[in-house]
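Undergrad: 3D model of this:
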Amino acid sequence: MSAQRAKTPPTPPLTRRAALARLAAGAAWAAVGCDESARGAGGEASAGAGMGAGAGMGAGAGAGAGAGAGAGSDAGAAPPAALPPEALPARFPFGVASGDPLADRVVLWTHVAALPEDDAQGAGSAGEGEGAEVRWLLSRHPDLRDPDASGAAPLRAARDAGGCLKVDAEGLSSNTRYYYAFEHHPGPGGGGVTRSDVGVTRTLPREGDLPDDAALTLGVVSCAAFNAGYYHVYGALAARDDLSAVLHLGDYIYEESRYARPAVRDYEQPGEARDLASYRARYAQHHTDSQLRALRRRHPLIAVWDDHEFANNACPASGGGEEGAAWAARAADAKRAYHEWLPTRPTPAEPLYRRFELGGLCDLFMLDTRMDGRDPPLGPDAAVARFDPARRLLSPAQERWLLDGLSASRAPWRLLGQQVMMSQLQLRGAPEASRESAAALNPDQWDGFAAQRARLLGHIRDEGLTGVIVLTGDIHTSWAAEVSLNPSDPALYAPSGEGAEGALGPSGGALAVELVTPSVTSPALAGTTEALLSLLRTANPHVKWLDLTRRGYLAVTLSREEARGEWWLLESALEPSAPPPTLAAVARVSPSRARLTVEEVGS
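TA: Here you go, the predicted structure:
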């Protein structure tokens with residue numbers, strides 16, 4: 001099939017940036033859509049004028065103990081200090097990382113660089129002389145004595161992956177902190193051994209590992225445009241010692257320079273990433289940031305992609321103005337680069353959605369709402385087409401996997417880690433009988449796939465499932481909401497309040513709660529007005545708290561009695577140094593009742 005470039009649709013789809021701008025302007029859904037790509041470079045949406053241009057450790061420890069250090073480890077020992085950027089070995093310039101932890105294994109990652117002396121020694125790419133290899137070791141001790149696991153990989157494995165190397169360290173103890181490193185062994189006559197920075201990781205607890213009063217804390221982040229600010233959020237998370245893992249919900253990189261702020265920092269590679277070499281270059285530049293390297297070195301990552309790891313508005317059929325064979329080749333390159341640079345266990349040929357069990361306390365379902373069965377963006381008929389039962393955000397296989405997994409789970413908490421907002425986000429609500437008259441803000445979210453959302457929520461209701469928490473990124477802002485079939489229909493949802501539940505039961509028709517993490521750097525709104533907030537509260541009675549202007553992260557602490565979501569927010573990410581994030585709000589929910597209580601801590 002010959003490469004084809006997609007025709008420009010007559011009405012570009014409305015996406016997160018345009019939705020924020022429309023929200024800021026208070027525009028009606030019926031107005032002509034505006035795609036992200038129409039956005040001017042650098043500015044943030046102004047609350048008053050739509051598209052105008054804008055501008056000690058902060059985190060407290062989670063309640064209770066996180067995953068324990070494990071028997072035989074140096075419990076409570078300080079992790080080894082990170083090497084400063086200038087001291088990182090040239091052979092391992094991007095440090096180390098770990099990810100996809102299970103009770104008995106974890107993926108370890110590094111990047112092995114080729115050096116000028118390799119050619120002089122006849123070693124070839126990344127020092128691949130005769131007998132050259134990369135060895136790894138993992139220990140319960142910061143000095144790496146008495147390794148629990150070790151192994152070696154030929155250097156050609158790194159060469160074939162653009163320098164990246166991953167290993168799956170198996171046979172580990174559950175609920176245990178480990179330390180690890182890589183070593184470059186050049187082979188006979190090739191010089192000395194070079195060791196990487198030392199990383200810290202941990203395995204997940206098995207059922208029975210945790211006492212009844214234990215708690216686990218997860219960090220949650222998304223949307224980290226390199227050229228839109230500095231990664232202070234990553235630095236704050238790296239400084240925490242109470243995290244079992246960090247969930248990255250997508251837009252880990254950006255393929256284009258839409259948020260360019262030359263006064264902050266910019267991409268070395270001009271234009272848009274479109275092939276394997278340019279995607280690899282994007283990842284490499286992102287990882288020159290010391291705070292990102294610190295996060296990856298300090299905590300295991302559990303990650304999923306969104307669209308900007310591929311292209312704006314990406315889906316299996318199209319993205320970035322391309323479709324057909326051209327898009328298929330580009331998407332394959334983007335997927336390969338992602339799996340090279342992220343410490344994921346799936347291969348590019350396997351689905352990214354997967355499940356993690358955390359000690360009988362929580363089952364975590366990481367979804368792929370972007371590249372597994374997602375239908376293309378809607379056009380001008382979105383108000384009606386978004387209710388089409390055939391329209392999908394998840395493939396049939398992923399939907400079945402999720403529904404079966406939710407039903408099979410016996411944990412008090414069922415978490416969904418996913419990319420786009422599940423709660424209705426509207427400028428005007430409508431009862432179910434006249435649902436097509438509602439003014440949805442952004443059909444790129446679950447609002448654009450209403451029938452599949454209804455199937456999922458109906459399954460939760462019909463199966464009597466409790467403790468469902470949806471964790472979301474994508475929209476660059478912070479939200480706490482109760483998820484129902486229709487928050488504007490009193491027959492399906494009653495806003496929280498004394499005696500409001502009535503015949504709808506103790507949760508008043510709420511079937512889950514949703515906690516949305518803000519961006520790490522990507523622009524939100526420059527400001528808000530009381531009129532805007534009033535509009536949102538009236539049209540969205542299920543939204544219990546929001547912040548539309550600040551960047552930051554979400555920390556979710558789970559115990560058997562409650563889940564607590566904390567939003568730690570920055571005033572600005574535009575300066576090279578900044579005060580740590582401060583606690584802005586705390587949301588609480590019990591596993592048996594999908595009702596949020598939110599306390600705003602600061603403003």
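
Undergrad: from here on, contacts and neighbour counts on C-alpha atoms
TA: Noted.

Undergrad: biggest helix in this structure by residues?
TA: If you go by DSSP state H, the chain has its longest helix at helix 324-341.

Undergrad: Give me the spatial nearest neighbour of Ser139, chain neighbours excluded.
TA: Spatial nearest neighbour of Ser139, chain neighbours left out: Pro147 (4.3 Å); criterion: C-alpha to C-alpha, 6 or more residues apart in numbering.

Undergrad: Report pLDDT for the one you found.
TA: Pro147 carries a pLDDT value of 98.

Undergrad: With the one 10 residues further on instead?
TA: Model confidence at Ala157, given as pLDDT, is 87.

Undergrad: what packs against the host helix or strand of it?
TA: Per DSSP states H and E: Ala157 is located in helix 155-160. On a contact count with 3 or more C-alpha pairs under 8 Å, 6 or more residues apart in numbering; DSSP states H and E, helix 155-160 meets strand 164-169.

Undergrad: Show the subsequent helix or strand relative to the strand it packs on.
TA: Later in the chain than strand 164-169, the nearest helix or strand by DSSP H and E is strand 177-185.

Undergrad: Mean confidence (pLDDT) on that following strand, please.
TA: On average, strand 177-185 scores 97.

Undergrad: Remind me what it packs against, helices and strands.
TA: Contacts defined by 3+ C-alpha pairs under 8 Å, 6+ apart place strand 177-185 against strand 133-139, strand 194-195, strand 199-202.

Undergrad: now these in JSON lines, with distance to Ala451?
TA: Shown next, in JSON lines, are the helices and strands packed on strand 177-185 (distance: least, C-alpha to C-alpha, whole Å):
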{"stretch": "strand 133-139", "distance to Ala451": "47"}
{"stretch": "strand 194-195", "distance to Ala451": "53"}
{"stretch": "strand 199-202", "distance to Ala451": "39"}
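
Undergrad: highest average neighbour count across those?
TA: Highest mean neighbour count of the helices and strands packed on strand 177-185: strand 199-202, a mean of 28 (counted as mean count of other C-alpha atoms under 10 Å).

Undergrad: Any idea which of the helices and strands packed on strand 177-185 gets closest to Arg453?
TA: Comparison of these against Arg453 by C-alpha to C-alpha identifies strand 199-202 as nearest, at 34.2 Å.

Undergrad: who are the neighbours of that closest one, in terms of helices and strands?
TA: Counting contacts by 3+ C-alpha pairs under 8 Å, 6+ apart, strand 199-202 packs against strand 96-99, strand 177-185, helix 290-298.

Undergrad: So which of the ones you listed is nearest Leu393?
TA: Checked against C-alpha to C-alpha, the stretch from those lying closest is strand 96-99, at 25.7 Å.

Undergrad: On the C-terminal side of the closest one, identify the next helix or strand.
TA: strand 106-111.

Undergrad: Tell me which strands that following strand pairs with, and in which orientation.
TA: Strand 106-111 sits in its sheet next to strand 96-99 (antiparallel), strand 164-169 (antiparallel), going by DSSP bridges.

Undergrad: okay, these in CSV with mean neighbour count next?
TA: Shown next, in CSV, are these (neighbours: other C-alpha atoms under 10 Å):
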stretch, mean neighbour count
strand 96-99, 28
strand 164-169, 22
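
Undergrad: what's the distance between the spatially most central residue of the chain and Tyr234?
TA: Computing the C-alpha centroid of the chain and ranking residues by C-alpha atoms, centre = their mean puts Leu249 first, at 1.4 Å. Computed as C-alpha to C-alpha, to the nearest Å, the Leu249 to Tyr234 distance reads 14 Å.

Undergrad: ok, now Arg195?
TA: From Arg195 to Tyr234 the distance is 24 Å (C-alpha to C-alpha).

Undergrad: Name the helix or strand for the residue of the chain most remote from its centre, please.
TA: What lies farthest from the middle of the chain is Gly189; by C-alpha atoms, centre = their mean that is 44.4 Å. Using DSSP H and E, Gly189 maps to neither a helix nor a strand.

Undergrad: which parts of stretch 74-87 are buried?
TA: When burial is assessed from 16 or more other C-alpha atoms under 10 Å, stretch 74-87 yields the following buried residues: Asp74, Pro79, Ala82.

Undergrad: ok, now stretch 141-150?
TA: By 16+ other C-alpha under 10 Å, the buried positions in stretch 141-150 come out as His141, Pro142, Leu144, Pro147, Asp148, Ser150.

Undergrad: Greatest separation within those residues: which pair is it?
TA: Greatest spacing in these, by C-alpha to C-alpha: Pro142 and Ser150 (15.1 Å).

Undergrad: who are the neighbours in contact with Val107?
TA: Listed by C-alpha atoms under 8 Å, 6 or more residues apart in numbering, the contact set of Val107 reads Ser98, Gly99, Asp100, Pro101, Lys166, Val167, Asp168, Ala169, Pro343, Thr344, Arg345.

Undergrad: Most widely separated two among the residues you listed?
TA: Pro101 and Lys166 (13.4 Å).

Undergrad: Identify the residue nearest Leu292 in space, chain neighbours excluded?
TA: Spatially, and ignoring its direct neighbours in sequence, Leu292 is nearest to Tyr234 (5.7 Å; C-alpha to C-alpha, 6+ apart).

Undergrad: Mind checking what secondary structure the one you found has?
TA: helix (DSSP: H, G, I helix; E, B strand; the rest coil).

Undergrad: do the same with Arg595
TA: Three-state assignment for Arg595 (three-state DSSP): strand.

Undergrad: Quick check: it touching Ser496?
TA: Yes: taking contacts as C-alpha atoms under 8 Å, Arg595 lies within contact range of Ser496: 7.1 Å.

Undergrad: who's more crowded, those two?
TA: Ranked by neighbour count (other C-alpha atoms under 10 Å), Arg595 and Ser496 place Arg595 first, with 27 against 19.

Undergrad: which ones are touching the more buried one?
TA: Neighbour list for Arg595: Glu482, Ser496, Ser507, Ala510, Val513, Val589 [criterion: C-alpha under 8 Å, 6+ apart].
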